[in-house]
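from the sequence below, what's the structure:
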Amino acid sequence: MRPISRRDALILGGLGVAGTAAGAAGLWWSLGSTVGPLGGAGLELRNPPELRSAGGRLQLRLEAARGGLDVGGRRALPMLYNGSLPGPTLRLRAGDELAIRLVNSLAEPTNLHLHGLHVSPQANGDNVFVTVNPGDSFDYSYRLPAGHPPGVYWYHPHHHGLVAGQIFAGLFGAVIVEDPEPINVSAEHVLVVSDTTLDFAGNTAAASPLERMAGREGELVLVNGQSSPLLTARPGERQRWRIINACVARFLRLRMDGQQLDLIGMDSGRSLVPEAVDEVLLAPGNRADLLVTASAGESVLQALPYDRGGMAGMMGQGPSAGRGAAALATFRVSGESAASPGTVAARPAGEDLRTAAEAAHRQLVLAMGAGAGGMGGGMGGMMRFSINGREYSESRTDTIVPAGSVEEWTVVNTSPMDHPFHLHVWPMQLIDSDGRALTSVVMRDVVNVPANGRVTVRIAFRDFTGRSVYHCHILDHEDLGMMGVIEVR
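Numbers count the residues shown, from 1 in each chain. Next up is the predicted model:
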C-alpha cells in the first residue's frame with residue numbers, strides 16, 4: 001500500500017493545507033434508569049439498530065429524549081434518538097420516500113437535518129428553520145431523487161444556538177443510500193465517531209466560553225458510543241467500514257497500520273475504483289466509505305493528532321488542538337484464511353462541473369475577531385464569527401441563486417483556525433485548494449478551508465428551490481454566527 005502524500009490526504013479529506021448545559025445539575029443518572037450496556041474498551045463493536053425501506057418507503061417515529069446508559073464504560077444521561085447511541089441507521093435507496101415523525105421529549109427546542117442528502121429544503125423537507133418545541137412533534141417528508149448518489153450520510157439536530165450542545169450530548173445517527181449493485185464483503189460496519197465530556201454525575205459537561213470559541217473537543221472519543229470497541233475478521237476477509245465524523249470540532253486523521261485500506265467514497269463523492277490509502281482525514285461532518293482487507297494480527301484504528309490552528313494572538317489563547325492520538329477501535333484478525341472476495345467493479349465517471357457554463361462567481365469570507373457585534377449566547381463583544389462580515393440571522397437572506405444554474409464560489413478564511421465549510425442540499429465539486437487545482441472530480445458537502453487559506457468549489461443548483469444555509473461545521477462556530485442563508489429560486 002503506497003504511503004499517502006500530504007496532498008493526497010488533503011484531497012481525500014476534502015481539506016485544504018495540512019455540551020451546552022445539556023446535563024445541568026439536577027439531571028443525575030439514577031439507579032432506576034434503564035441502562036443499555038454499550039460498554040467500555042475491548043467489548044465487541046455494536047452496530048446501531050437498522051431500519052430499511054420497503055416498497056420505496058421508510059416511515060418511522062424518531063424520539064429525542066434523555067436516557068440512562070453506559071457511554072464509553074461510564075454511566076451517563078445523554079440525549080438519544082429512540083433510546084440508542086447513535087440513533088437508528090436508516091437504509092434507503094435512490095428514489096425512496098422517507099417519512100419521519102420527530103418527537104421532542106427534551107426540555108429544549110430541537111429539529112432535524114439530513115446531512116449531505118440531496119433533498120428539498122422546503123416545508124416539511126430538510127428545513128432547518130423549523131422549530132419543534134418541547135412536548136411537540138413534527139412530520140418530516142423527503143423524497144430522494146432517482147439518481148441520488150449512494151453513500152453514507154447522517155442526521156442530527158440543527159436548531160440554531162443549540163446544535164453543538166445537542167450533538168455533543170448524543171443526538172446523531174447514520175443514513176445509508178445503498179449501491180445499485182452491492183459490493184461483495186463479509187461484513188459491513190457503521191462507525192459513528194463522536195466525542196463528549198461527562199461531569200462527575202455522568203451529565204454532558206457544559207462548554208466554557210473559550211471552549212466554544214475554539215470549538216469543543218471532548219475528553220471521551222467514542223465509536224458507536226463505545227470506548228475502543230473490538231472488531232474481528234479472518235485473514236483475507238474484506239469488510240466495509242462506513243465512518244462518520246460526528247464530532248463537534250475534532251478532526252479525525254484516521255490510520256490503521258498492518259491492514260489494507262481502500263477508499264471507495266467520501267461524502268457523496270465516489271471513487272471510480274478503490275484507492276489504496278494509509279490515512280484518511282475527516283473534518284467534522286465528513287464521512288469515509290472504506291474497504292478493509294484483513295491480514296492476520298491485531299491492529300488499532302487511530303485518530304492521529306491534527307493541527308487545526310488556534311487563537312494565538314487572539315485573546316492570548318494557544319492552539320485549539322494538538323491532543324495526542326486516540327485509539328478508536330481494535331481490529332483482531334485470526335483463524336483460517338477466507339476465500340478471495342474478488343475485484344470491485346469500476347464505477348461510471350460523474351459529471352465534471354469544470355466544463356459547465358458558470359453563471360456567477362461569488363466570494364465568501366469566513367472571519368473571527370473582536371467587534372461590537374458580539375458572539376451571541378451572552379459572550380458580549382469578545383469575538384465575532386461571521387461570513388462576509390455578518391453574523392447569522394434567520395430573517396435575512398444572504399445569497400440568492402437562480403434555480404438550475406452552476407456557480408463558482410471561492411471561500412476565504414481570514415482566521416488562524418481551520419473552518420470546514422458545509423452547504424446544505426446541493427453538493428460541491430472541489431476545484432482548487434490553496435492554489436492547487438484538482439485534476440479529478442472530487443465531490444464533497446464539507447470542504448475544509450485552512451487557516452488563512454481559501455478553496456474554490458463549483459455547485460449545480462438543480463432539482464430543488466427554497467431557503468437553506470451554509471456554515472462552518474465546527475458547530476460551536478455555527479451556533480455563534482458563522483452561518484448564512486441561501487435561497488434558490
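
quick check: mean pLDDT of stretch 456-472?
Averaging pLDDT along stretch 456-472 yields 98.

distance between the ends of that stretch?
Taking CA to CA, to the nearest Å, stretch 456-472 runs 15 Å from one end to the other.

ok, residue 488 - contacts?
400, 401, 402, 403, 426, 461, 464, 465, 466, 468 (CB atoms under 8 Å, 6 or more residues apart in numbering). Heads up, the C-betas are built off the backbone N, CA and C, glycines and all.

at 10 Å instead, please
121, 399-405, 425-426, 459, 461-468 (CB atoms under 10 Å, 6 or more residues apart in numbering).

using PyMOL, define a selection of the buried residues within these.
The buried subset of those, as determined by 16 or more other CB atoms under 10 Å, is captured in PyMOL by this line:
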select buried, resi 121+399+401+405+425+426+459+461+463+464+466+467+468
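
now residue 328. Its backbone dihedrals?
Dihedral pair for residue 328: phi -80, psi -40, per degrees, to the nearest 10.

check the gap between the residue lying closest to it once chain neighbours are set aside and residue 228 for me.
Distance criterion CB to CB, 6 or more residues apart in numbering; nearest residue to residue 328, sequence neighbours excluded, is residue 301 at 4.6 Å. Residue 301 sits 9 Å away from residue 228, taking CB to CB, to the nearest Å as the criterion.

equivalent analysis for residue 221, please.
Going from residue 221 to residue 228 by CB to CB gives 9 Å.

common neighbours of these two, please.
With CB under 10 Å, 6+ apart, residue 221 and residue 228 have common neighbours 72, 326, 327, 328.

for the first one, give me its contacts.
The contact partners of residue 72, by CB under 10 Å, 6+ apart, come to 38-41, 85, 194-196, 198, 218-223, 225-229.

can we see that at 7 Å?
Each residue near residue 72 by CB atoms under 7 Å, 6 or more residues apart in numbering is listed here: 40, 220, 222, 226, 227.

okay, and the residue nearest to residue 328 sits in which element?
Assigned by DSSP states H and E, residue 301 belongs to strand 297-304.

partner strands of that strand, parallel or antiparallel?
Sheet pairing for strand 297-304, assigned by DSSP bridges, gives strand 252-255 (antiparallel), strand 326-333 (antiparallel).

the helices in the chain, which residues?
Secondary structure of the chain (DSSP state H): helices at 6-12, 163-168, 209-214, 475-479.

report the distance from the shortest one to the chain centre.
Pointing back at helix 475-479 there. The chain centroid and the centroid of helix 475-479 are separated by 13 Å, computed with CA atoms, centre = their mean, to the nearest Å.

give me the contacts around that helix.
Identification of contacts with helix 475-479 by CB under 7 Å, 6+ apart yields 160-161, 163-164, 167, 207, 212, 215-216, 248-249, 284, 385, 419, 471-472.

residue nearest the centroid of the chain?
By CA atoms, centre = their mean, the mean C-alpha position of the chain lies nearest to residue 285, the distance being 2.0 Å.

hang on, the earlier thing: now a PyMOL select for only the buried ones of the shared contacts of residue 221 and residue 228.
Those of the shared contacts of residue 221 and residue 228 that count as buried under 16+ other CB under 10 Å are selected in PyMOL with:
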select buried, resi 72+326+328
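
Throw the shared contacts of residue 221 and residue 228 into CSV and include distance to residue 254, thanks.
Converted to CSV, these look like this (distance: CB to CB, whole Å):
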residue, distance to residue 254
72, 19
326, 10
327, 12
328, 8
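
please name the residues that touch the closest residue to residue 78 other than its chain neighbours.
Counting by CB to CB, 6+ apart, residue 78 lies nearest to residue 170, which is 3.5 Å off, once chain neighbours are set aside. By CB under 7 Å, 6+ apart, the residues touching residue 170 are 78, 79, 80, 85.

which of the residues you listed fall in strands?
Judged by DSSP state E, the contacts of residue 170 include 79, 80 as members of strands.

ok, of the contacts of residue 170, which one's closest to residue 101?
Nearest to residue 101 among the contacts of residue 170: residue 80, at 16.4 Å, using CB to CB.

burial check on the closest residue to that closest one other than its chain neighbours, number of neighbours?
Closest residue to residue 80 apart from its sequence neighbours, by CB to CB, 6+ apart: residue 67 at 4.6 Å. Residues lying near residue 67 (other CB atoms under 10 Å) number 22.

so residue 67 touches residue 82, yeah?
No: at 9.3 Å, residue 67 does not count as touching residue 82 under the criterion of CB atoms under 7 Å.

wait, residue 250 sits on residue 217?
Yes: assessed by CB under 7 Å, residue 250 is found in contact with residue 217 at 4.7 Å.

which of the two has more residues huddled nearby?
In this view residue 250 and residue 217 are compared by other CB under 10 Å, and residue 250 has more residues nearby, 25 against 22.

these two touch, right, residue 68 and residue 79?
No: under the criterion of CB under 7 Å, residue 68 makes no contact with residue 79, lying 11.7 Å away.

so the two - more neighbours on which side?
Neighbours were counted for residue 68 and for residue 79 using other CB under 10 Å; residue 79 has more, 26 against 21.

show me the contacts for the more buried one.
With contacts defined as CB under 7 Å, 6+ apart, residue 79 is in contact with 22, 64, 66, 106, 166, 169, 170, 171.

any chance of JSON lines for these, columns distance to residue 368 and pLDDT?
JSON lines is the format used below for the contacts of residue 79 (distance: CB to CB, whole Å; pLDDT from 0 to 100):
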{"residue": "22", "distance to residue 368": "24", "pLDDT": "33"}
{"residue": "64", "distance to residue 368": "30", "pLDDT": "98"}
{"residue": "66", "distance to residue 368": "33", "pLDDT": "96"}
{"residue": "106", "distance to residue 368": "30", "pLDDT": "98"}
{"residue": "166", "distance to residue 368": "23", "pLDDT": "98"}
{"residue": "169", "distance to residue 368": "25", "pLDDT": "97"}
{"residue": "170", "distance to residue 368": "28", "pLDDT": "97"}
{"residue": "171", "distance to residue 368": "26", "pLDDT": "98"}
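
out of these, which comes closest to residue 156?
Distances from residue 156 to the contacts of residue 79, taken by CB to CB, are shortest for residue 171, at 6.0 Å.

what ranges of the protein fall below the confidence cut-off?
Where the chain drops to pLDDT under 70, the residues are 1-41, 312-323, 371-382.

got a list of what the residue lying farthest from the centre of it touches?
Largest separation from the mean C-alpha position in the chain: residue 336, at 36.6 Å (CA atoms, centre = their mean). Residue 336 makes contact with residue 234, according to CB under 7 Å, 6+ apart.
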